[in-house]
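Asks: make a model of this:
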Amino acid sequence: MTKVLITGGAGFIGSHVVKLFVADKSYHVFNLDKLTYAGNPINLTSLAGEENYSFIHGDITDDAFIKKLFATHQFDYVIHLAAESHVDRSIEDPFVFARTNIMGTLNLLQGFKEKPGRLFYHISTDEVYGSLGETGLFTETSPYQPNSPYSASKASSDHFVRAYSETYKLPVVISNCSNNYGPNQFPEKFIPVCIDAIKNQAPIPIYGDGNYTRDWLYVEDHAHAIKTILEQGKAGETFNIGGLNEWKNIDLVKVLIRETDKALGRPEGASLPLITFVKDRPGHDKRYAIDNTKIKRELKWEPKHSFEEGIVKTIQWYLSNQAWIDAIKDGSYRNSIFKG
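Replies: Model prediction:
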């Protein structure tokens, strides 16, 4: 059985990737997660009893632990998702982001260098490219221009992955994705914040003038792209993964209001007065948008969910899983006994 190490597999994107690989019985999945605030064991309860799944509680910044882990298991593949990812938190404490996103990645690369497998796959973000103007798309050759401590830490980790490929001839691949949305996303993120506010008739906070623009990708589509790249992507390559769904924040919020109010049986537009513009954050990138031509052309991948389909599924999930939200709000999710 092929052994794949997935870091950060109890988080939002990671949990979807873990479940996708566990469903393929040709893999044995080792999920390495520190279970920080964003790691939620409840996301993985559906894996109870799966013989090809193992949970490992550990910290990627612990170099001795990582070295022993690689020596013990001799992984065929590494899919590196573990990262601090919330921009506002990076502004408050950039050092945490440097330790996890840079030094943690470096420790994993070093472990893979000493006990190499078939491929080291590093998951990154479109935020490393900085901000776009009114037109244009990020491609795999766009220059790096990170504008927040978060994106700077991810850009640095990308460079270390490339450097290990060139210097030590390690087989690596990198993907940079657009904003993800869908079930299990931590409630501090934009779309879950908005859905929760609409449901509870609380103010919906929008930075600045609301015209910041993002490209949105349904999380299950991202998970399938990751599996496609791992299995078909050529070592040394970079792939951009985008949803081709650009939305200004203010327009996205209006869609969320319309669909959430509809799901709750409220009159159309009932929650529009909840929109509240708040002080902008420092270094806020105006626009992100991904050109996913390369992955479509070379690997025949493209997103399966339209934005309208994905956002309705997302709203329905959050409205149907209040216990999951409550467990995060009161902190009890941290005490979940299931890890696998």
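Asks: can you tell me how far residue 156 is from residue 83?
Replies: Applying CB to CB, to the nearest Å, one obtains 12 Å for the distance of residue 156 from residue 83. Bear in mind the C-beta positions are built from the backbone N, C-alpha and C, glycine included.
Asks: count of neighbours near residue 97?
Replies: Other residues near residue 97 come to 26 when the count uses other CB atoms under 10 Å.
Asks: shouldn't it be within a helix?
Replies: Yes. Looking at residue 97 with DSSP: H, G, I helix; E, B strand; the rest coil, it is inside a helix.
Asks: hmm, it is touching residue 150, no?
Replies: Yes. Judged on CB atoms under 8 Å, residue 97 makes contact with residue 150 at a distance of 5.7 Å.
Asks: give the residues shared as contacts by these two.
Replies: Shared contacts of residue 97 and residue 150, defined by CB atoms under 8 Å, 6 or more residues apart in numbering, comprise 84, 89, 90.
Asks: wait, which of these is closest to residue 220?
Replies: Nearest to residue 220 among those: residue 84, at 23.3 Å, using CB to CB.
Asks: that closest one in helix, strand or coil?
Replies: Residue 84 falls in the coil class when you classify it by three-state DSSP.
Asks: same deal with residue 230?
Replies: In the three-state summary, residue 230 is assigned as helix, counting by three-state DSSP.
Asks: what are the ranges of the helices in the stretch 101-250 of the chain?
Replies: Using DSSP state H, counting those that start in this stretch, the helices assigned to the stretch 101-250 of the chain run over residues 104-114, 149-168, 190-200, 219-232, 249-263.
Asks: tabulate those (a markdown table), appending distance to residue 55, mean pLDDT and mean neighbour count.
Replies: Shown next, in a markdown table, are the helices of the stretch 101-250 of the chain (distance: least, CB to CB, whole Å; pLDDT from 0 to 100; neighbours: other CB atoms under 10 Å):
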| stretch | distance to residue 55 | mean pLDDT | mean neighbour count |
| --- | --- | --- | --- |
| helix 104-114 | 17 | 98 | 22 |
| helix 149-168 | 24 | 98 | 20 |
| helix 190-200 | 25 | 97 | 20 |
| helix 219-232 | 18 | 98 | 20 |
| helix 249-263 | 34 | 98 | 19 |
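Asks: nearest to residue 132, of the ones you listed?
Replies: Across the helices of the stretch 101-250 of the chain, residue 132 has its closest neighbour in helix 149-168 (13.5 Å, CB to CB).
Asks: which strands and helices sit next to the closest one?
Replies: For helix 149-168, the packing partners by 3 or more CB pairs under 8 Å, 6 or more residues apart in numbering; DSSP states H and E come out as helix 87-92, helix 94-97, helix 104-114, strand 119-125, strand 172-177.
Asks: about what we covered before: between residue 156 and residue 83, what contacts are shared?
Replies: Counting by CB under 8 Å, 6+ apart, the contacts common to residue 156 and residue 83 are residue 101.
Asks: need phi/psi at the spatially closest residue to residue 193 that is not a sequence neighbour.
Replies: Counting by CB to CB, 6 or more residues apart in numbering, the nearest residue to residue 193 once its immediate chain neighbours are dropped is residue 187, at 6.7 Å. Note on residue 187: its backbone torsions stand at phi -60, psi -10 [degrees, to the nearest 10].
Asks: cool, residue 242 as well?
Replies: phi -130, psi 160.
Asks: what about the spatially closest residue to it that is not a sequence neighbour, distance to residue 131?
Replies: For residue 242, ignoring the flanking residues on the chain, the nearest one in space by CB to CB, 6+ apart is residue 290 at 2.6 Å. With the distance defined as CB to CB, residue 290 ends up 14 Å from residue 131.
Asks: next one: residue 203
Replies: The spacing between residue 203 and residue 131, counted by CB to CB, is 27 Å.
Asks: name the residue in those two with the higher neighbour count.
Replies: Per other CB under 10 Å, whichever of residue 203 and residue 131 has more neighbours is residue 131, with 16 against 12.
Asks: number of residues surrounding the nearest residue to residue 153 once chain neighbours are set aside?
Replies: Excluding the flanking residues, the one nearest residue 153 by CB to CB, 6+ apart is residue 101, at 3.8 Å. Neighbour count for residue 101, taken as other CB under 10 Å: 28.
Asks: so residue 101 sits against residue 83, correct?
Replies: Yes. In terms of CB under 8 Å, residue 101 counts as a neighbour of residue 83; the distance is 5.1 Å.
Asks: pull up the overlap in contacts between these two.
Replies: Common neighbours of residue 101 and residue 83 (CB under 8 Å, 6+ apart) are 154, 157.
Asks: picking that back up, make JSON lines from the shared contacts of residue 97 and residue 150 and add pLDDT, distance to residue 7 and neighbour count to it.
Replies: Output for the shared contacts of residue 97 and residue 150, formatted as JSON lines (pLDDT from 0 to 100; distance: CB to CB, whole Å; neighbours: other CB atoms under 10 Å):
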{"residue": "84", "pLDDT": "94", "distance to residue 7": "13", "neighbour count": "23"}
{"residue": "89", "pLDDT": "92", "distance to residue 7": "19", "neighbour count": "17"}
{"residue": "90", "pLDDT": "94", "distance to residue 7": "19", "neighbour count": "23"}
